[in-house]
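Enquirer: Show me how the following folds:
(2 chains, ligands or ions: 2)
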Amino acid sequence: MGTTPLIKLVDLEKKYISQNNAVTALSGINLDIIKGDIFGIIGMSGAGKSTLVRCINFLEKPTGGTVIIGNKDLSLLSDKELRNVRQDIGMIFQQFNLLMQRNVEDNICFPLEISGMSKSEGKNRASELLELVGLSDKIKSYPSQLSGGQKQRVAIARALATNPDILLCDEATSALDPTTTRSILGLLKDINKKLGITIIIITHEMAVVEEICNQVAIIDNGRLAETGKVEEVFSKPKTDAAKKLVYHSSNAVNEMTGKRCIRIVFDGKSSFEPVIANMVLECRAQVNILFADTRDINGQAFGQMVLQLPEDEIISDKIIHYLKSKNVNVEELVDYVG
Amino acid sequence: MLDNTTMTMLFEGTIDTLYMTFVSTIFAYIFAFPIGIALVVTKKDGLRPMGLFNKILDVTVNMGRSIPFLILLIAVIPLTKLIAGKSYGSTATIVPLVIAATPFIARLIESSLQEVDNGVIEAAQSMGASLSTIVFKVLVPEAKTSLIVGGTIAIGTILGYSAMAGVVGGGGLGDIAIQYGYYRYQKEIMLITVILLVILVQILQSIGMKIARKTDKRVI
Ligand SMILES: Nc1ncnc2c1ncn2[C@@H]1O[C@H](COP(=O)(O)OP(=O)(O)OP(=O)(O)O)[C@@H](O)[C@H]1O
Ligand SMILES: [Mg+2]
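Expert: Ligands and ions are numbered 1, 2, ... in the order given. Sure thing, here's the model as predicted:
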């Protein structure tokens, strides 16, 4: 895409300085996010994801570098200008953060009150948004009467009330069960299509990124490890941090006899062929599936598997050769088990 | 012994006590609200950190709270005379009551406002809310239940203080208890005034708690 980025982070740095120590939560972050993208930011706990997303709307003031939204450098804005920019950036949170003493309708009206919209207009907009998120029947309910998924829908409606260009989501599905997570992600995807809003999703779950993001950035220890298209980063992770996330290496199994492991990646059609079964029949060898994860990403069948090969070198080579002949992406993993 | 004049006196005493309590509470809240908000907002990790100002305010409030009420009552007599024209009677007693209750109520308000979840404040900031919007549309409404509970505690305390003012002729039930029970040794009347005071506190307490519960939308 040749368009100029909607969000541009240049050499972003955030240090937390307290009396006796300084924590560098982010450093050297350079990131371009294009309008209309669903951009995932993934990393381990403490990597700096929340700090990063909070720097995008200046809830956290970076200690270095610049944040450019559209054509505005946020660090150059006055308080009032910054508040205006924030009205164009919606945000949702893991804990929903709804006003507990206001009902659903009044919660959605809150950002509209801030923007100076009249009460009756606000009410109209609120019912429009509730329809969008599928909660029209809860208009007069209080947050305490709603389930987690419903609360997040209200939070989404509230975040969209002022027609923002950007929606920031900090672990928006982490407090929800898998089914509810899917429905919320579905809603976000829908909103992205319908409204063309740029969505930034912070998560520690690969599945979330795979489900809806088209671009992903992996952050590790406050630094940007890797960024690119989801398919590319997840099928060919280059950095250790990315590999760690993608291979779930912390789950590596130890009590196996064979030392050689391979990772195979399916792209598009090959995952529909029974490649593994055919390979086992052809090579007359047993393999151990250590890890398998196949699913549908952006309409493409996509997946990966980690296989432990037999101790016999010749049979192992035969297996690798067979898979390569079938145009399967094979990569040998060093020290996956041992 | 409960003749008509005594009954009238007790009735008027009750009205006087309620008058002093309510008027003092209202004035004390008018002064304490901005102080409570300032205490929260100017804290180190508050919405507008102002370290020195916060420290000064904090110490001032503490000093106000640590002066025993009876001493304050006597110490401010010149001021009371200046404002109310005299130093005895229920209207005059409102002056020391307001002075004593303001720092105490400011602390109650501070602690109520601090109970509001940080996440909600952050959400409001992310929407571009200004400081005054956050204070008056988020902090205060979200702390409503706790503020009402605090108000109930404040009224009970002020009612107790108002009875203490009876020592210096402060009017109301406390005054009657001192006049009859202490100086004239009519223990029954003293007992009745004490019972009346207990009943008043009970009623105010249960009304306050009921309102707090009724208006709380977090538990339905
Ligand atoms: N207010 C703060 N003061 C000091 N250090 C902080 C502060 N906020 C975050 N940090 C530190 O910055 C680092 C990054 O924190 P951050 O919350 O961004 O991580 P995260 O990736 O969102 O983690 P998680 O997945 O657990 O939410 C951590 O080391 C954290 O301890
Ligand atoms: Mg986080």
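Enquirer: near chain B at all, stretch A:82-101?
Expert: Yes - contact of stretch A:82-101 with chain B (CB under 8 Å from any CB of the partner chain) involves A:82-87, A:89-91, A:93, A:95, A:97-101. For every residue, glycine as well, the C-beta is placed using N, CA and C.
Enquirer: And the contacts of stretch A:119-136?
Expert: A:104-105, A:108-109, A:112-113, A:117, A:138-139, A:150, A:153-154, A:156-158, A:160-161, A:187, A:191, A:194 (CB atoms under 8 Å, 6 or more residues apart in numbering or on different chains).
Enquirer: same question, stretch B:136-146
Expert: Outside stretch B:136-146, the residues that reach it (CB under 8 Å, 6+ apart) are A:99-102, A:110, A:113, B:37, B:40, B:111-113, B:115-117, B:120-121, B:124, B:129, B:147, B:212-213, B:215-216, B:218.
Enquirer: measure that stretch end to end?
Expert: Stretch B:136-146 stretches 15 Å from its first residue to its last (CA to CA, to the nearest Å).
Enquirer: Could you tell me which of the residues of stretch A:82-101 next to chain B count as buried?
Expert: With neighbours counted by 16 or more other CB atoms under 10 Å in any protein chain shown, the residues of stretch A:82-101 next to chain B contain buried members at A:82-83, A:85-87, A:89-91, A:93, A:95, A:97-101.
Enquirer: Next, residue A:28: phi, psi?
Expert: With angles defined as degrees, to the nearest 10, residue A:28 sits at phi 60, psi 40.
Enquirer: That one touches residue A:225, doesn't it?
Expert: No - with contact defined as CB atoms under 8 Å, residue A:28 does not count as touching residue A:225 (11.3 Å).
Enquirer: Could you pull up the residues touching the closest residue to residue A:326 other than its chain neighbours?
Expert: Nearest residue to residue A:326, sequence neighbours excluded (CB to CB, 6 or more residues apart in numbering or on different chains): residue A:275, at 5.8 Å. Counting by CB under 8 Å, 6+ apart, residue A:275 makes contact with A:264, A:266, A:323, A:326, A:328.
Enquirer: among those, which are in strands?
Expert: Assigned to strands by DSSP state E, the following of these qualify: A:264, A:266.
Enquirer: and which of the contacts of residue A:275 is nearest to residue A:232?
Expert: Using CB to CB, residue A:266 comes nearest to residue A:232 of the contacts of residue A:275, at 14.6 Å.
Enquirer: who in the stretch 1-150 of chain A is up against ligand 1?
Expert: Residues of the stretch 1-150 of chain A lying close to ligand 1 (CB under 6 Å from any ligand atom) are A:16, A:23, A:25, A:43, A:45-51.
Enquirer: Greatest separation within those: which pair is it?
Expert: Greatest spatial distance in those: A:16 and A:43, 17.1 Å, computed using CB to CB.
Enquirer: Neighbour count for these two, which is higher?
Expert: Using other CB atoms under 10 Å in any protein chain shown, the more surrounded residue of residue A:16 and residue A:43 is residue A:43, with 24 against 13.
Enquirer: The more buried one - nearest residue in space that isn't next to it in sequence?
Expert: Residue A:43's closest residue in space is residue A:219 (CB to CB, 6+ apart), at 4.1 Å.
Enquirer: residue boundaries of the strands in the stretch 101-250 of chain A?
Expert: With DSSP state E, counting those that start in this stretch, the ranges of strands along the stretch 101-250 of chain A come out as A:166-170, A:198-203, A:215-220, A:223-229.
Enquirer: would you list these in TSV and tack on mean neighbour count and mean pLDDT?
Expert: As requested, these are arranged in TSV below (neighbours: other CB atoms under 10 Å in any protein chain shown; pLDDT from 0 to 100):
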stretch	mean neighbour count	mean pLDDT
strand A:166-170	25	96
strand A:198-203	25	96
strand A:215-220	24	94
strand A:223-229	19	94
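Enquirer: Let me know which of the ones you listed is the nearest to residue B:166.
Expert: Of all those, strand A:166-170 comes closest under CB to CB, at 58.3 Å.
Enquirer: Could you pull up the contacting residues of residue 218?
Expert: Just going to use chain A. A:42-43, A:224-227, A:233, A:237, A:239, A:241-242, A:245.
Enquirer: Not quite, go with chain B.
Expert: Taking CB under 8 Å, 6+ apart, we find residue B:218 in contact with A:100-101, A:142, A:144, B:145.
Enquirer: before we move on, back to that, in PyMOL, select just the buried ones from the contacts of stretch B:136-146.
Expert: Buried members of the contacts of stretch B:136-146, defined by 16+ other CB under 10 Å, are picked up in PyMOL with:
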select buried, (chain A and resi 99+100+101+102+110+113) or (chain B and resi 37+40+111+112+113+116+120+121+124+129+147+212+216)
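Enquirer: Tell me which helix or strand residue A:59 sits in.
Expert: With elements delineated by DSSP states H and E, residue A:59 resides in a region that no helix or strand encompasses.
Enquirer: Near it, how many other residues are there?
Expert: Here the count is done by other CB under 10 Å, and residue A:59 has 19 residues near it.
Enquirer: Which residues are in contact with it?
Expert: By CB under 8 Å, 6+ apart, the contact set of residue A:59 is B:122, B:125-126.
Enquirer: quick one, phi psi at it?
Expert: Residue A:59 has phi and psi values of phi -60, psi -30 when expressed as degrees, to the nearest 10.
Enquirer: is any part of the longest helix along chain B close to chain A?
Expert: Counting by DSSP state H, the longest helix found in chain B is helix B:4-41. No - Helix B:4-41 stays clear of chain A (CB under 8 Å from any CB), getting no nearer than 14.8 Å.
Enquirer: rewinding a little: name the residues linked to the residue nearest to residue A:43 by a beta bridge.
Expert: Taking DSSP bridges as the rule, residue A:219 bridges to residue A:224.
Enquirer: can you pull the contacts of it?
Expert: Each residue near residue A:219 by CB under 8 Å, 6+ apart is listed here: A:26, A:29, A:41-43, A:47-49, A:52, A:225, A:241.
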